[in-house]
Every structure is written in C-alpha cells, then in structure tokens.
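K.L.:
have a look at this fold, sequence not included:
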C-alpha cells in the first residue's frame, strides 16, 4: 500500500484548529462583517512609518530576509536593555510557542496552564505529546499560586501564564508576577505571554532579568504595534535557552517586509502612544455600551473588553450568534464560567457604533 | 536549579545552521557585496503587479492573514488542475519540509536522500530524530534508482529528490520522474522538491496526479516568482496527507502581505515568461564567462550555474573565498566530488559583469 506512514503521535492528533478566522466565517455567511472586533487585532494599525517602510520593501522581496534578524534583534535588545543573545525573533508568538514546546516537551511530559487560557499554546503542547494539567482561574484572573503549586506537583516542564490575560482582559501587577517568577519550581520554565502588555497600565510588567533561566517572556508586534498580518513575535530569555531555538527554528522563516516593518514600528514611540490612548478610549466606549445594555464590562488591560452577559454559556453563545448574524465579528471565552462573556476588541468609532447599534437587538433575540 | 529541561532529542542536536546568510557575511566583512549571486534568489524580482499588491496591503497588515489561505489555495488549485484540498500553503518550502518531517518521522525512523542534496531537509530530519541514509549522486545527477533501492532496503518513511537539483543544476525528464514515482516502495513517501521547476525545460515535471499517495510535490514563490523574502511555499499531494498538516501547522503563520503578493504573482504569467527568458540568457552569459576562464559550466535547469573549477574541493573553496573577497557573494556544494564546483545565481547584466570582472583575479589568486 503506497503512501505515508504517520508517526503514532501525529495519528493521534485531532483535526481541530485553534481558531476559525473571520474570512472563513465571511465565506460561509456569503457577506463580509461590518465590524471586525473578534480577533483582538489593532484596527488603528501600524505606524505610518512602518507602512511606508513595508511598501518600500515590497520591491526588495526577491531577497531572503536576514536569517539572524540582526537589525531587529539589536533594536529590541536596546529597547529592553538586554543583549541580542537574549532575544529570538519568530513567526509570531504562535510560532515561538511551537518551537519552545518542541525544545522542552517530549511525549508524556507535564505542562501546566489555566483552564480557558490561550488554546494555541495547548495546541502545540498536544502536538508534541505533552500532558496538559489545567488549574482554574481564581475569579476572572489566572491564579499564579495554583499554577506554581500544580507545576511543582506534576514536575512540569512548562507553565503558561498570560499577563495581561486573554480572554478575560485581567492582569496582575509586576509584584505578583515577580513573586511568581521567584516561585518557579526547579526544572520548570515559566512562559510569560505578554502579548498585550503595551495596553496595560505601567507597572504591569516586572523588570526583565536576562540572566533568569526560570522564565521566557513572549512579546509581539501583532497587538500594540498593529502588525498581526506581518507575523513578528519575539521572546526574551536567558542566552542558553534563546540559543537553543537555533537548533530547530525555520532560519529563513521571517519575511523581509515584516522585518523592516517591525524595525520601523519599534522606532515610532509616538504612534504607539497614540494607539494606546485610542485603545483606552475605545475600552471606555465599549464598557459604556455594555453598561447601557445592562451588561457588565470587566476591567481590561488589553485591547479588548470582556463583557459578562449576565447568564450562562448558552446565553452568551446566543448573544454572540446574534451579533455575528448582524455582521459584527466578535468571539467569546471557550470554557465555563468565563463563557458567560463575550469578548469585543477595541475599534474605531465607526466600529463601536456598529457594535452599539447591533447589541440591543442581539440581546433581545438571544433572550427571546 | 531553576531553568528549562530540554528533551533528550533537543539536547543532542548540534548548534549548526543550514546556511549563513549574506547579511551575516557583510557584517563580518564590514562592507556590502557588489553582486548577490549566492542564494539563488531571483534578482529580476516579482511581477510589478505583485509589488503593487504588496505595497497596497501594507496598510492592511493590522489584520491577520486568512489562516486557510483560501484565495491563494483556490488559485493554485485552478493553476494546477487539482482541488484546494490537495494544496497546503506554508512558510516557504523550508517550513513545509519541517511540518512534513514532523508528521512522518519519529526518532529512529529511516529517511533517504542524496549525499550533497538540500541541507535544510537534513536539518529537519535530524531535528525530529530521523536517521538519514545518503546515496551518492550518479555523476552530477541525483540517482532515482539508488534512492528507491535504499528506501526499500531501509524501510524509509521519506525519500527526498529535487528536480531540478540544487546544488548541481541537473535535472531528470518527466519520464524518469514518473518511473521513480511508480517505484516508491510501500509505506514510503517521495518528497519531490520542484522549487526550481519554473526554470526547467518543459517536460521536466511529470503530470500531477492528486490521488497518488506516494508523492508530495513542493513548490515555491521564492524562485521563479521572485519572492524569496515573502516566504510562500506550497505542497501538492493527496488530500488525506494535505489535511494532516492542519493538525500541526502554525495556522496563522502566513503573512497577509505575502498571501496577497503570491496571488498577484501567480496571475502574471507574462512576467514569469520574461523572467524565464532573462534567467536563460543569464545562464548563457554565466556559462560563457566560465568557459572564457577555462572552467566548465554544468548544464542547468535552474536559475544558477554550477561551475566546475577543474580542481579539488580545496581549490574551489579558495576560488570562492577569493570571489567573496572581491565582493561577489556566491556559494558552493558542500560535499565531494561536487565541491570541485562553485554555484553562481543568474543575475542582471551588471551583476554578471561584476562576476566576470572578479573571476580572473580570483582564479589567479586561488592558483597562487
């Protein structure tokens, strides 16, 4: 019988995907969304300097990107006060999480995360045969103490925490996170996913200690810098861990246009500040819309607002479906009790107006 | 002791990288190359329509790319007369080779390739613990019969062949390849890397049978379409194999600008024809320069010419070093007896003039 023989691990993996994209939904619906507020994209976009740099770089795309990402890593190192050897650039945090899991997790190895946290991390852990142990959130927050306790108990290779958190928008202050880092069990690595940190209050991220081998920090140009479609993430960690990525990564995997755009975006702090202000204003508007409709917006340190619909998961799923039916792309947490909520990304005034216009009828239909 | 515990597999991997990029060499030299002819990039670049589409898309980069690559896959399916379910798009052939090896190769599994063939394939096989079995080339050609015999003998999960071949530029006609596909042993998958096929004589690629589970064909926008820096490759294969990539791939790994650019490039057949003509002319010029200097250019079905320097590997390495010292970026095959050659990519007239100007002195210095 000709044909491929998959590994036992690959054979056992499900065919599910972490997220269904809005384009897939639009094709199924047969019409576009009026507001794209589901994927926590940054609708305010990248710095105009980054846009211009990428447009210029289009003509240079016949050249491979620099496989060392030298210039971008040097700029990031200066930005964070670490050495280039403490930084690895990759194809989004998603890509870097895949590499990290591959480096550390063999079939059967324990990994700890929160029940309801980022599913793409879980996708990679399952993909390499790791055994996921999940601890509940404490209310709407991930629970550092419970995560550390479970990591110690299971001898976990990795423990994952996002700060700020997705999908709840909650966050811990730097002191809490610093205590968590200090409590990482021997032989465990803390994956501190700070994808949304540019939207958080100052004092959310603890100082970076590039010598600390107990934590790796994930950052991205997809959120604060508005470049989700460019696929540029990076990780900051101890030099020996960072160097290990070179053993397995797709060395020529970074696009040349993406490299140039990220470098320009990093250099435009004024634009980032404008985006931060716009996102903060949009959070306020979203929260007001929620309250106007009798719903409870959760506090957020991200570019989205998670809105408690006041019922159970079935009710929130109906609200979401009715919003989608009214051309508003939003998402919601996957697991109880968080699935009582929907999750709405910060948008421009016209996006928020479309959401505000659709919500009352969506709620009425969901209640009917 | 805090810190990560790598898998035994990761611990055992070397720190080497498949290729050192030209930017790394330029940083070490302290000055740029005058001609970039070492990475088989397509200096004639992508279709102007693709450049324009990518420049326009820069402003849309705040959105993630479509994780299904729907539009590009649909266009590729129409282009090749297969179904979208026979095509997976990924982060260059390099990225797709990594996914493919991961799906099929568990530690200890046998994989067959030619000694001196594409090192990045070997990098991925080693990275997943596969055991590489190498057969020699037959002269300057990969040897389909020997590859198939070794695959049968070792029970290989994968056997790799590039047609046309890199680094030798040689090729087999469609009949030879069709015979090879028919001879794939039960349980083996042939990886037919056709990265350079757009430069080859018509009749080099056998017809695509999307039902044939014994072969997967790798194509790219990096070579004929001139978009190496965009990282867009694709594989064509039987639907069950293609579907398996969804179990493990970085679903949001494709850049939005890259998707748009590839779609536009695919639609501009006139530009591709122009590039093919320019590359053919450049091959002739390169070959003439080689002959004028007493060297033997090998026939090529690619966008590079492999030039036999007439001595041993040590001599060719000196020629290469002397060219690099004269600001000409070229590469050479890694293993004997092919390392008697240097490998020079097709360039514009000014690139080839720079090479022609540097070669006599480089040869003289290498002989001194």
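P.N.:
All right, it came through fine. This is a predicted model, so every value here is computed, not measured.
K.L.:
skip the chain neighbours and tell me the closest residue to the residue of the stretch 1-150 of chain A found nearest chain B.
P.N.:
At 3.2 Å from chain B, residue A:3 is the closest residue in the stretch 1-150 of chain A, using C-beta to the nearest C-beta. Every C-beta, even on glycine, is put in place using the N, C-alpha and C of the backbone. Nearest residue to residue A:3 in three dimensions, chain neighbours excluded: residue B:213, at 3.2 Å (C-beta to C-beta, 6 or more residues apart in numbering or on different chains).
K.L.:
that's a helix at the one you found, yeah?
P.N.:
No. Secondary structure of residue B:213 (DSSP: H, G, I helix; E, B strand; the rest coil): coil, not part of a helix.
K.L.:
how does chain A divide into domains?
P.N.:
Domains of chain A are assigned by automatic domain parsing as A:20-45+A:270-367, A:48-267.
K.L.:
for the stretch 251-368 of chain A, what lies in contact range of chain B?
P.N.:
Residues of the stretch 251-368 of chain A found near chain B (C-beta under 8 Å from any C-beta of the partner chain) are A:251, A:252, A:253, A:254, A:255, A:256, A:257, A:258, A:261.
K.L.:
restricted to helices, list those.
P.N.:
A:256, A:257, A:258, A:261 (DSSP state H).
K.L.:
okay, these in a markdown table with neighbour count and pLDDT next?
P.N.:
Formatted as a markdown table, those follow (neighbours: other C-beta atoms under 10 Å in any protein chain shown; pLDDT from 0 to 100):
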| residue | neighbour count | pLDDT |
| --- | --- | --- |
| A:256 | 23 | 97 |
| A:257 | 31 | 98 |
| A:258 | 30 | 98 |
| A:261 | 33 | 98 |
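K.L.:
can you pick out the most distant pair from those residues?
P.N.:
Maximum pairwise distance among those (C-beta to C-beta): 9.6 Å, between A:256 and A:261.
K.L.:
hey, what's in contact with both of these two?
P.N.:
Contact criterion C-beta atoms under 8 Å, 6 or more residues apart in numbering or on different chains; residues shared by residue A:256 and residue A:261: residue A:57.
K.L.:
ok, residue A:310 to residue A:365 distance?
P.N.:
15 Å (C-beta to C-beta, to the nearest Å).
K.L.:
sorry, slip of the keys, the one I care about is residue A:262.
P.N.:
42 Å.
K.L.:
those two: which is more packed in?
P.N.:
When neighbours are counted by other C-beta atoms under 10 Å in any protein chain shown, residue A:262 and residue A:365 differ, and residue A:262 comes out ahead with 31 against 15.
K.L.:
re the thing from before, closest to chain B among the residues of the stretch 251-368 of chain A next to chain B?
P.N.:
Checking these one by one against chain B (C-beta to the nearest C-beta), the nearest turns out to be residue A:256, at 3.1 Å.
K.L.:
which residues touch the closest one?
P.N.:
A:57, A:60, A:61, A:63, A:64, A:65, A:66, B:229, B:230.
K.L.:
tell me what the longest helix along chain A is packed against?
P.N.:
Determined from DSSP H, the single longest helix within chain A is helix A:269-292. Applying 3 or more C-beta pairs under 8 Å, 6 or more residues apart in numbering or on different chains; DSSP states H and E, we find helix A:269-292 packed against strand A:296-297, strand A:304-308, helix A:349-367.
K.L.:
contacts for that helix, please.
P.N.:
Here helix A:269-292 makes contact (C-beta under 8 Å, 6+ apart) with A:42, A:44, A:46-49, A:198-199, A:224-226, A:265, A:296-297, A:300, A:303, A:305, A:307, A:344, A:346-349, A:352, A:355-356, A:359.
K.L.:
for it, buried residues please.
P.N.:
A:271-272, A:275-276, A:278-279, A:282-283, A:285-287, A:289-290 (16 or more other C-beta atoms under 10 Å in any protein chain shown).
K.L.:
which one of the residues you listed is nearest chain B?
P.N.:
Using C-beta to the nearest C-beta, residue A:275 comes nearest to chain B of the buried residues of helix A:269-292, at 10.1 Å.
K.L.:
any idea how far the closest one lies from residue A:267?
P.N.:
In terms of C-beta to C-beta, residue A:275 sits 14 Å off from residue A:267.
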